[in-house]
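Participant: Fold the stuff below for me.
(2 chains)
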There are 2 protein chains.
Amino acid sequence: MRKVYLSNTPRQEALDIFMGQVNIARRTEKLALKELLGRITSKPVFARLSMPGYHAAAMDGIAVRAESTFGASDQNPYKLKPETNYSNINTGSPLPAGFNAVIKIEEIQMLEDDSVEIITPATPWQHVRAVGEDVVAGELIVSAGHCLRPPDLGALIAGGITEVEVIAKPRAAVIPSGSELIEPGKERKQGSIPDFNSTVIAAYLSEWGAEPTVMPIVPDDPVKIKAALISALAKNDLVIINAGSSAGEKDYTYKVIEEIGEVFIHGVSSRPGKPTILGKAESKPVIGLPGYPVSAYMSLEWFVQPLIFRCLGLPVPERKKIAVTLGRRLTSEVGVEEFVRMSVGHVGDRYVANPLTRGAGVTMSLVRADGLLIIPANSLGFEQDETVEIELYRPQNEIHNNLLAAGSHDLIIDLLGTALKENYPIMSLTSSHLGSMGGITAIGHDQAHLAGIHLFDPATKDYNRPYIRKMLPDREVHLVNLTYRMQGWIVPKGNPDGIEKIEDLVNKKIAFINRQKGAGTRILFDHLLTEAGLSPDNISGYEREEYTHLNVAAAVAAGTAGVGMGILPAAKAFDLDFIPLVEERYDLLLSDLFYKSSEAGILLKIILDKSFQLKIEKLGGYSMRDAGKVIDL
Amino acid sequence: MRKVYLSNTPRQEALDIFMGQVNIARRTEKLALKELLGRITSKPVFARLSMPGYHAAAMDGIAVRAESTFGASDQNPYKLKPETNYSNINTGSPLPAGFNAVIKIEEIQMLEDDSVEIITPATPWQHVRAVGEDVVAGELIVSAGHCLRPPDLGALIAGGITEVEVIAKPRAAVIPSGSELIEPGKERKQGSIPDFNSTVIAAYLSEWGAEPTVMPIVPDDPVKIKAALISALAKNDLVIINAGSSAGEKDYTYKVIEEIGEVFIHGVSSRPGKPTILGKAESKPVIGLPGYPVSAYMSLEWFVQPLIFRCLGLPVPERKKIAVTLGRRLTSEVGVEEFVRMSVGHVGDRYVANPLTRGAGVTMSLVRADGLLIIPANSLGFEQDETVEIELYRPQNEIHNNLLAAGSHDLIIDLLGTALKENYPIMSLTSSHLGSMGGITAIGHDQAHLAGIHLFDPATKDYNRPYIRKMLPDREVHLVNLTYRMQGWIVPKGNPDGIEKIEDLVNKKIAFINRQKGAGTRILFDHLLTEAGLSPDNISGYEREEYTHLNVAAAVAAGTAGVGMGILPAAKAFDLDFIPLVEERYDLLLSDLFYKSSEAGILLKIILDKSFQLKIEKLGGYSMRDAGKVIDL
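Facilitator: Numbering: from 1, shown residues only, chains lettered A, B, ... in the order given. A predicted model of the protein is given here:
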């Protein structure tokens, strides 16, 4: 029997139920100094000894008995004899018996016979660090629940403490389950997937202060999953099973937890992350995480992070929130809370955010994300240009210096971002793959700093300018050449179908893989169709769209398409053949405000750099002959 | 010859000169996945493989050939036969050859003979995750200079990467120099100081991404320091010598660096941290840090952190800045930039900050600090109630929930703070030891949430109330009893001088150690003096002041005073004798706004908790019989 439906428990309600039902048992351990950094005290720590442990000189100079200096003045300098009346002393040294003040070296005059002359009397205890000035025995050094930082360690040693009782890191087991899983780095076969979730989950657990153990991969077999769970429970404070948490034919996680424990929640009304299981076994929390990576990591943060932080006695850290203007409309289903990964940049005088792909299977959406937008369950979404609040994944000053590249994607944009970061570590570049038309629109709406575009206009045989003039007639914008690049047919190795011209696709009935609407490459293909007197109906697969050159090449490499149109580096990435067709101009479109900024100056400097240009040309398929040249509009 | 003067180079100028002259050579290393978290990429990383590597089902259901479903409808359900027309498929599994779409399990009807019935046609490629949907071969996963986070590791594995070239941690040697230094934890003798600076410096270096090595302690001997420096240079990318950086008799660091290298700066115009040496030897940065702990850590942050971050290609992280109202006037010398450690809390509707001790030798000032105030070199300081900007050492939400306790200090205040943190991790309590009078003033100026006070009024024989009425006639405030505690004479073990009453101090000419003006204990002592018909002039040491009970006990323990007045736990901390004199009332004074807040409710709940009270009474010298009782004003 397949259990088809999951519950739709609101996330906060699920968390409250779970936190009410389970707890990570807190253990403590005594650790030596070397291991204490970043650990949390389980008790207040009081000083055992004082620092300094004796009265010490606070200055370099001489130790004296203050009473023996009373009366000294310009008119009546006193002469002090060594040992009897004074003793040389350095900062930190103990005051010799009988002395109770220090006179600074600058205020004494050395005489020939080792005596010194003073003209100012000392007051008792001047320039003396009293016993316990830093730490005094019995004083509270740090309270319980304190995360130990570098200076805390100094105060502990000063207070005579060399061992501290801290909260032991909760032990968390991660059980990777799935017959399709193989160890990361093992050779992949058709149908096998490297288990990268466990590495990511373990890394999050470490960052949150737990001690993760990744167990061996378990196939989709309830007996084996149960055995793994029992074994994990024996040695850990909580157990995470990933995945099999949904209600499919081979989703055994629910059943296994139910058999030896209890399930409180199966399914929450948040996405990605819905198929989550919250339960317990042997009084320990057991969590079933979804298989899709983004779902798994979201659910982990929702339900495991609070458990760990409660055990450590720390508040869950909050991300910085900022108000952003939405670059695109975002719809959402009512009744479902949605977590959308966003790219964010500071354009003009505001922060602009755009959604990255919402697919739960796209780890790269988390890698690229600058922030997270939470669409509440009762919302239908947000309109373009609406102001919303998002949580930042990166420090705000980094976001402030993050350049947003929209438009058509090219490898050079990535390399430009890399060079930028290398030379100006505070700066970064995020690119959204919107296609050339999308890029022009983004610049028009101040939703990006720059856009890569390569739009051929059949009427004028010119690139980009006719489109900009038409789409942004009233905007002051600037166009700068980045490169000329070769577009061509991406075909299997050896070009088995012998494709050379567009007619070959029709005659030989080759399955084509197209680019999305608004992409310059699609416009070029459409132009070739028109020139050849053909229509989209003649092309098998015209309706299959991919968003990047690389994804087109991937489809050809996978054999689900026989040909695609794209650039040389994409073909190279998949060891495919490339039949050059036409050299096209690829320009950068910049808003006027950005064009006049110092950041644009930095970007142009890199583009004009000869070694950068050489690196690009070496890739093949690119000419940098006009790179950085401003094109009149 | 003693070199007496240091230069007064402005900090930023010193940093610019130093960064211009030295550099930490960047090394790279290839690391396996397990070691990558938190490391910085030295090159952009491109995917080697695609994820998924095949067309995969995005839903649980059946794989079909879309073309074979065209025409299915409610009226015309299609029956599909297993294997021939469809195949069961789970999320993530590869699409069998010949199929190009997935129909969700919810949309099919299982028939008896293993056939399924569908009433909706599939569109080609529906519910299919295309090759490379997550990561596509050739795609940029992370750029150079990227700090690897958990999801990045997932994307790397997905992209077929199991080893990444990262920037090697710069190796930093710390040479502890000073004849007075002993290893932390070793038994202390008169004049010996445990080397805690090295532990703190190494901890900071680790936090900043370097790999520290603490070298053996070197005595104040230029030959040995030079040998240690040469040995450290051989294996490290930078070397820190702590201390001997000033210009005293035994300060050899300058000389040693000059002998084998070059010194660019000796002395900066910032405090604490002035006696800093910035130099190089064998093309590697060599830094001489001051011996006083706070000076050393400040200077480390000013000059070593930027070097390390530049090597790692990261911007130096900035601390959050907030505007605060100054609780006290702060003066500063013109020409000197001052770094003042501050306690900060949110009182009423504003942040209030008070300076902690400015002593460069007080590590505890950094342990207790919530923030840092930088007084510019051209400033004479700030007035009380002036608004200034400070850098926060702790997250702002923690500061927001930080209760400021002013007034007289008692161990119970620390234990109250500890219990608060244990029960409400988001909350904390910081106390400034201002004495009882200072505490009333602080509440009157809204500079604290609560103040511990124990002020005896000889005229009325009452505690606290007469003072509050007089000092805060127009303020609505609340008084709550915390404890009754025994005040007495703190004397050496065995009470060798046989002290019982105040007259004994005079008759036996015992050196007394007093408390600061405004302290309840001093007022009590003055009252005893008056009652006995004595004056301060009769008391030897009346003018010697300490700020806490523990420091009074420390002076007695060190033998520099024969008697002090204080409470039992202080005597116990130093294994001294305690001669009880009088039981006094110790109350908490609360502002009206705070009294009505939920935070005050939490605090009162702890005070009223029987197990908390029992714990206090077990310490001895305390009675909790009225703890939590509101006292009419």
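Participant: State the helix or strand in which the closest residue to chain B within the stretch 101-250 of chain A lies.
Facilitator: Distances between the stretch 101-250 of chain A and chain B by CB to the nearest CB are smallest at A:Gly138, namely 2.6 Å. All C-beta atoms are positioned from the backbone trio N, CA, C, and that covers glycine. Assessed by DSSP states H and E, A:Gly138 sits outside every helix and strand.
Participant: shaky segments in the stretch 201-350 of chain A?
Facilitator: Applying pLDDT under 70 to the stretch 201-350 of chain A flags no residue at all.
Participant: For it, what lies in contact range of chain B?
Facilitator: A:201, A:203-204, A:206-207, A:246, A:248-250, A:291-293, A:297, A:309-310, A:313-315, A:317-318 (CB under 8 Å from any CB of the partner chain).
Participant: Stretch A:474-493 near chain B at all?
Facilitator: No: Stretch A:474-493 does not reach chain B (CB under 8 Å from any CB); its nearest approach is 11.7 Å.
Participant: how about A:Pro77, what does it touch?
Facilitator: Neighbour list for A:Pro77: A:109, A:117-119 [criterion: CB atoms under 8 Å, 6 or more residues apart in numbering or on different chains].
Participant: ugh, wrong one, A:Ser68
Facilitator: A:78, A:80, A:85.
Participant: Could you look up the SS state of A:Asp16?
Facilitator: Assigned with DSSP: H, G, I helix; E, B strand; the rest coil, A:Asp16 falls in the helix class.
Participant: Look up how far chain B lies from it.
Facilitator: Per CB to the nearest CB, to the nearest Å, A:Asp16 is found 17 Å from chain B.
Participant: That residue: neighbour count?
Facilitator: Per other CB atoms under 10 Å in any protein chain shown, the neighbour tally for A:Asp16 reads 11.
Participant: Hmm, A:Leu49 and A:Gly160 touching each other?
Facilitator: Yes: counting by CB atoms under 8 Å, A:Leu49 is a contact partner of A:Gly160 at 3.1 Å.
Participant: Could you name every residue contacting both of the two?
Facilitator: A:137, B:188.
Participant: Just the buried subset of the residues of the stretch 201-350 of chain A next to chain B, please.
Facilitator: By neighbour count, with 16 or more other CB atoms under 10 Å in any protein chain shown, those hold A:201, A:203-204, A:206, A:246, A:248-250, A:291-293, A:297, A:309-310, A:313-315 as buried.
Participant: hmm, which of the contacts of A:Pro77 are the buried ones?
Facilitator: A:Ile118.
Participant: ok, then the element right after the longest helix seen in chain A?
Facilitator: Ranked by residue count, the top helix of chain A under DSSP state H comes out as helix A:293-312. Following helix A:293-312 in sequence order, the next helix or strand is strand A:321-326 (DSSP H and E).
Participant: Buried residues, that next one. List them.
Facilitator: A:322, A:324-326.
Participant: Other residues contacting that strand?
Facilitator: By CB under 8 Å, 6+ apart, strand A:321-326 touches A:342, A:344, A:350-354, A:371, A:382-392, A:396, A:399, A:447.
Participant: Pull up the pairing partners for the helix or strand just after it, direction included.
Facilitator: Using DSSP H and E, the helix or strand that directly follows strand A:321-326 along the chain is strand A:330-331. Paired with strand A:330-331 in the same sheet, following DSSP bridges, are strand A:381-382 (antiparallel).
Participant: tell me which strands and helices whichever helix or strand comes after the partner strand is in contact with?
Facilitator: Counting by DSSP H and E, the next helix or strand C-terminal to strand A:381-382 is strand A:387-392. Contacts defined by 3 or more CB pairs under 8 Å, 6 or more residues apart in numbering or on different chains; DSSP states H and E place strand A:387-392 against strand A:321-326, strand A:337-347, strand A:371-375.
Participant: Could you rerun that using 6 Å?
Facilitator: strand A:321-326, strand A:371-375 (3 or more CB pairs under 6 Å, 6 or more residues apart in numbering or on different chains; DSSP states H and E).
Participant: Just the pLDDT for A:Met1.
Facilitator: At A:Met1, the model reports a pLDDT of 40.
Participant: ok, now the one 4 residues further on?
Facilitator: What the model reports as pLDDT for A:Tyr5 is 73.
Participant: A:Gly435 now?
Facilitator: In this model, A:Gly435 carries a pLDDT of 89.
Participant: coming back round to it: selecting buried members of the contacts of strand A:321-326 in PyMOL, what would you type?
Facilitator: This is how PyMOL selects the buried members of the contacts of strand A:321-326, with burial counted by 16+ other CB under 10 Å:
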select buried, chain A and resi 342+344+351+352+353+354+371+382+388+390+392+396+399+447
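Participant: Name the nearest residue to the residue of the stretch 101-250 of chain A closest to chain B, sequence neighbours excluded.
Facilitator: Closest residue to A:Gly138 apart from its sequence neighbours, by CB to CB, 6 or more residues apart in numbering or on different chains: B:Ala573 at 2.6 Å.
Participant: where does the one you found land on pLDDT?
Facilitator: 89.
Participant: swap in A:Ser428?
Facilitator: 91.
Participant: Isn't it up against A:Asn402?
Facilitator: Yes: in terms of CB atoms under 6 Å, A:Ser428 counts as a neighbour of A:Asn402; the distance is 5.0 Å.
Participant: and A:Glu282, what does it touch?
Facilitator: With contact set as CB atoms under 6 Å, 6 or more residues apart in numbering or on different chains, A:Glu282 has these partners: A:Leu233.
Participant: A:Pro458 now?
Facilitator: A:Pro458 sits next to A:His527 when contact means CB under 6 Å, 6+ apart.
Participant: Repeat that for A:Tyr86.
Facilitator: The neighbours of A:Tyr86, taking CB under 6 Å, 6+ apart as the test, are A:62, A:64, A:80.
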